[in-house]
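> model the structure of this input:
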Amino acid sequence: MDNFTWRPLTVGDAQAAMLLEAGIAAAKVVHALHHPERELVIDVHKAEHIAGVPELVRAQGFAPARYFQRMEHPLGDAPGPVPDRLEPWSPDNDEDFRLVRNEAYQDCWGAVPMPTDHWRNKITNQTFQPDVSFLARDTDGTAIGVLVTMSWEADTAATGIRDAHFTVIGTRREHRNRGVASTLIGHALATAAARGYDRASLNADSASASGGFRLFEKAGFTPKQRYVRWELAS
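Residues are numbered from 1 along each chain as shown. I've put the predicted structure just below:
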C-alpha cells in the first residue's frame with residue numbers, strides 16, 4: 001500500500017497533464033508501428049517526494065508497480081592492487097560486457113536484452129566512464145560479471161559533486177554467491193576515489209529477488225531517496 005498525500009491540482013499540473021497525455025498518445029503510435037502484437041505498457045519513473053505526481057499519473061490510469069532506492073557511498077579510500085581476473089573496459093572486451101549484462105539481467109524485473117546498437121546508444125555513450133567499468137572472468141577466462149559506471153558533467157557543474165553512478169552491476173546466474181559482485185563493487189569504489197570522484201551511487205530495486213539491496217548495504221551504500229515506477233497498461 002502506498003502512502004501518498006493528495007492535494008488539488010494547480011495550473012501547473014494542468015500543463016503537465018497535457019504533456020503526459022501527449023506522451024501517452026505518442027507511445028501508442030510507436031507501439032502500433034513497431035510492436036502491435038505485444039501488450040503496451042507505459043511507465044513513469046519519478047522520485048516519491050515530488051508533489052503532485054501521484055495525482056497527475058493516477059488521473060491517467062497509472063498505478064504504482066515498483067519501488068527503487070537511490071543509494072550513495074562517500075569516497076575517499078585509495079585503491080589497492082587490481083583483484084585477480086578483473087579487467088577494465090576496452091574495445092576488445094566490449095562485447096563480453098554486453099553479453100554478461102544481458103545474461104545477468106534475465107531475471108531482473110523490467111529488463112530486456114540489449115542489442116549492439118542499443119548498448120552503444122544507452123551505455124557506451126558520452127557519459128560512459130570506461131576507466132571505472134570492469135569485467136570479471138572465471139579461472140578459465142569466461143566472462144562472468146560486469147560493472148558499468150557513468151557520470152554526468154552537467155550534474156557535477158550544478159551540484160559541485162562528481163558522482164560515479166554504477167549503472168550496471170551483474171553476475172551470470174551460475175556464478176552468483178561467490179563474491180563476484182562484491183569484488184567488482186569494492187574495486188570500482190576504490191578506483192572512483194583515485195580518479196577524483198566524490199561519491200558513488202546506484203539505483204536498487206527494493207523488491208529484487210537477487211538480494212542486490214542487501215549486497216549494496218553491505219558494501220557501504222545507504223538509501224537516500226525512493227523512486228516510484230508507475231505503469232499504464234493498455
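
> could I get the phi/psi values of P64?
Torsion angles at P64 (phi, psi; degrees, to the nearest 10) stand at phi -70, psi 130.

> can you verify my assumption that it contacts R229?
Yes - in this structure P64 lies within contact range of R229 using Cβ atoms under 8 Å: 7.3 Å. Placement of C-beta: from N, CA and C, glycine included.

> name the helix or strand for A17, please.
Under the criterion of DSSP states H and E, A17 resides in helix 11-34.

> which elements pack onto that helix?
Packing partners of helix 11-34 (3 or more Cβ pairs under 8 Å, 6 or more residues apart in numbering; DSSP states H and E): strand 41-47, helix 53-59.

> just these: most buried one?
Stretch with highest mean neighbour count among the helices and strands packed on helix 11-34: helix 53-59 (a mean of 18; mean count of other Cβ atoms under 10 Å).

> roughly how far is that one from the heart of the chain?
Relative to the chain's own centre, helix 53-59 is displaced by 24 Å; criterion: Cα atoms, centre = their mean, to the nearest Å.

> how about the CA coordinates for that helix, as PDB?
Output in PDB follows, covering the C-alpha atoms of helix 53-59 (Å, rounded to 0.1, in the frame of the first residue of the first chain):
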ATOM      1  CA  VAL A  53       2.900  13.400  -9.400                       C
ATOM      2  CA  PRO A  54       0.600  10.800  -7.800                       C
ATOM      3  CA  GLU A  55      -2.500  12.800  -8.700                       C
ATOM      4  CA  LEU A  56      -1.200  13.500 -12.200                       C
ATOM      5  CA  VAL A  57      -0.500   9.900 -13.200                       C
ATOM      6  CA  ARG A  58      -3.400   8.400 -11.300                       C
ATOM      7  CA  ALA A  59      -5.700  10.700 -13.300                       C
END
